[in-house]
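In: Return a 3D structure for these sequence lines:
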Amino acid sequence: MTTTDYEAVPAVERDDPALHVGTVVMKFGGSSVADPEKLKTVARRLVAAREGGSRVVAVLSAMGSTTDELLDLAHQVSERPSPRELDMLISVGERISCALAAMAIHDLGHEAISLTGSQAGIVTDTVHGKAKIVDVRARRINEALDAGRIVLVAGFQGVSAVSFDVTTLGRGGSDTTAVALAAALGALVCEIYTDVDGVYTADPRLVPNARRLALLSYEEMLEMASSGARVMATRSIEVARSHNVRLHVRPTFGEAEGTWIREEDETMLEKALISGVVHQREETVYRVEGVTPARLFGALAEASINVDTIVQTSAEIVFSAPVEDRADAKRALDLLGVSWTAREDLGKVSLVGAGMKSHPGVAAKTFATLEAAGIDAPIVSTSPIKIACHVPSADVDRAVQALHEAFELG
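Out: Below is the predicted model of the structure:
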């Protein structure tokens, strides 16, 4: 397999156990490679996997706050940096991590090669800052694996198939890189290494008795990620679900079992009613009048704005979007010439669980709990496995704690 479009990977290539037996993709976030000593620890983990018989591909993020520092530097130089040049700049951080990790691996007596996103065959569309992967041409990775090398791929980046410019994938782009590579390479598993022990029933910094979850379905993890859980990026889970890539969220600096994320099956049918309570302390909510949904959301899509909650009445359309998209959303709405307002004092608290599908009364208990705590929820949206409530940002923490206790998740 030399060229693979990960959005259309033939099942025989991806599932054939004879294909690249033992390939594992291991992704390490910025906190895992934040300094030289942590990079050396990551290198030892990669070498241990190689010595255990696996063909090892690692996807690394930039060290610590490197990307934020580069963005700050760009805005010191220019009020509105060119998107193309910004991608050239901020793609550097991941390359630094990979090159340093390769050096550490060489010192441990193993062969390694660091590759940029373009060298690794990550081909994207032309959207700078939020590019989408359209193809994975893994020939160079496979050649290095066949030669017994550990392959280090710079996450978060690729190359445009049209302009041949460097592109970046946006927030959580290294997760997306790792899962796309796992799909293209037919990997046994994509391991996501982070500074937490796995996925919890709530943020343990907010709820001390939150419990680690051993197993989640793709749908549950997707809802949790889109509602504020920052363990994995939403886009990466969508790719994993589309190509049935098993995910394993694990701690970088420990041996805890972590959390498995995979397709729901019979062993998951007796899961708890609610898997977790996730939150975002800020999410901008817009109210728009005088425009059709097609025109509004077409304009927002053109601006690459990730719309979340949508509520339509006869008089207006209400939608929410991440805080980081605020400037682009406002610009798009102004260009439409419509009447609009934005609330910036709201956060979102969401209950997620596959058990909701077959158990009535979850909504009633949710609203009763919030009412008892004196918390107003002006906007509510649902899916078969999620109830999401927008509440005042000042009340988010209390709402999470109250719901976690009410549903006995500790």
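In: Tell me the buried residues in stretch 158-178?
Out: Within stretch 158-178, the residues that count as buried by 16 or more other C-beta atoms under 10 Å are 158-160, 165-178. Bear in mind the C-beta positions are built from the backbone N, C-alpha and C, glycine included.
In: do stretch 32-46 as well
Out: Buried-residue list, stretch 32-46, by 16+ other C-beta under 10 Å: Ser32, Val33, Ala34, Lys38, Leu39, Lys40, Thr41, Val42, Ala43, Arg45, Leu46.
In: Please tell me how far the fourth one sits from Met63.
Out: With distances defined as C-beta to C-beta, to the nearest Å, the gap from Lys38 to Met63 amounts to 8 Å.
In: Same check on the last one?
Out: Leu46 sits 16 Å away from Met63, taking C-beta to C-beta as the criterion.
In: for stretch 249-257, which positions count as buried?
Out: Applying 16+ other C-beta under 10 Å to stretch 249-257 flags Val249, Arg250, Pro251, Thr252 as buried.
In: Pick out whichever of those residues sits closest to Val24.
Out: Arg250 (11.6 Å; C-beta to C-beta).
In: can you give me the helices in the stretch 1-150 of the chain?
Out: Applying DSSP state H, counting those that start in this stretch to the stretch 1-150 of the chain gives helices spanning 11-15, 36-51, 66-77, 83-90, 92-107, 139-146.
In: so which of these comes closest to Gly290?
Out: Of these, nearest to Gly290 by C-beta to C-beta is helix 83-90, at 30.2 Å.
In: now the angle from that closest one to helix 66-77?
Out: Angle between the axes of helix 83-90 and helix 66-77 is 130 degrees (criterion: axes from the mean of the first three to the mean of the last three C-alpha atoms, to 10 degrees).
In: from here on, count from 23
Out: In the new count, where the first residue is 23, that last one comes out as helix 105-112.
In: Let's see helix 105-112 as CSV, backbone CA atoms only.
Out: Output of helix 105-112 as CSV, limited to C-alpha atoms (Å, rounded to 0.1, in the frame of the first residue of the first chain):
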residue,chain,number,x,y,z
PRO,A,105,-2.9,33.0,6.9
ARG,A,106,-0.4,31.4,4.6
GLU,A,107,2.6,32.8,6.4
LEU,A,108,1.0,32.1,9.8
ASP,A,109,0.8,28.4,8.8
MET,A,110,4.5,28.5,7.8
LEU,A,111,5.3,29.9,11.2
ILE,A,112,3.3,27.8,13.6
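In: Let me know the average pLDDT across that helix.
Out: The average pLDDT for helix 105-112 rounds to 97.
In: what's next to it, contact-wise?
Out: Residues from elsewhere that reach helix 105-112, judged by C-beta atoms under 8 Å, 6 or more residues apart in numbering: 89, 92-93, 95-96, 103, 150-151, 179, 187-190.
In: 10 Å - rerun?
Out: 84, 88-93, 95-97, 99-100, 102-104, 148-153, 178-180, 182, 185, 187-191 (C-beta atoms under 10 Å, 6 or more residues apart in numbering).
In: thinking again about what came up before, put together JSON lines for the helices of the stretch 23-172 of the chain, with distance to Val300 on each row.
Out: Listed next are these as JSON lines, based on distance: least, C-beta to C-beta, whole Å:
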{"stretch": "helix 33-37", "distance to Val300": "30"}
{"stretch": "helix 58-73", "distance to Val300": "27"}
{"stretch": "helix 88-99", "distance to Val300": "23"}
{"stretch": "helix 105-112", "distance to Val300": "27"}
{"stretch": "helix 114-129", "distance to Val300": "27"}
{"stretch": "helix 161-168", "distance to Val300": "34"}
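In: which of those helices is buried the deepest?
Out: Ranked by mean neighbour count under mean count of other C-beta atoms under 10 Å, the helices of the stretch 23-172 of the chain are led by helix 114-129, which reaches a mean of 21.
In: Check which helices and strands it sits against.
Out: helix 58-73, strand 77-82, helix 88-99, strand 134-137, strand 172-176, strand 179-182, helix 195-207 (3 or more C-beta pairs under 10 Å, 6 or more residues apart in numbering; DSSP states H and E).
In: again, only this time at 8 Å
Out: helix 58-73, strand 77-82, helix 88-99, strand 134-137, strand 172-176 (3 or more C-beta pairs under 8 Å, 6 or more residues apart in numbering; DSSP states H and E).
In: Good, wrapping up.
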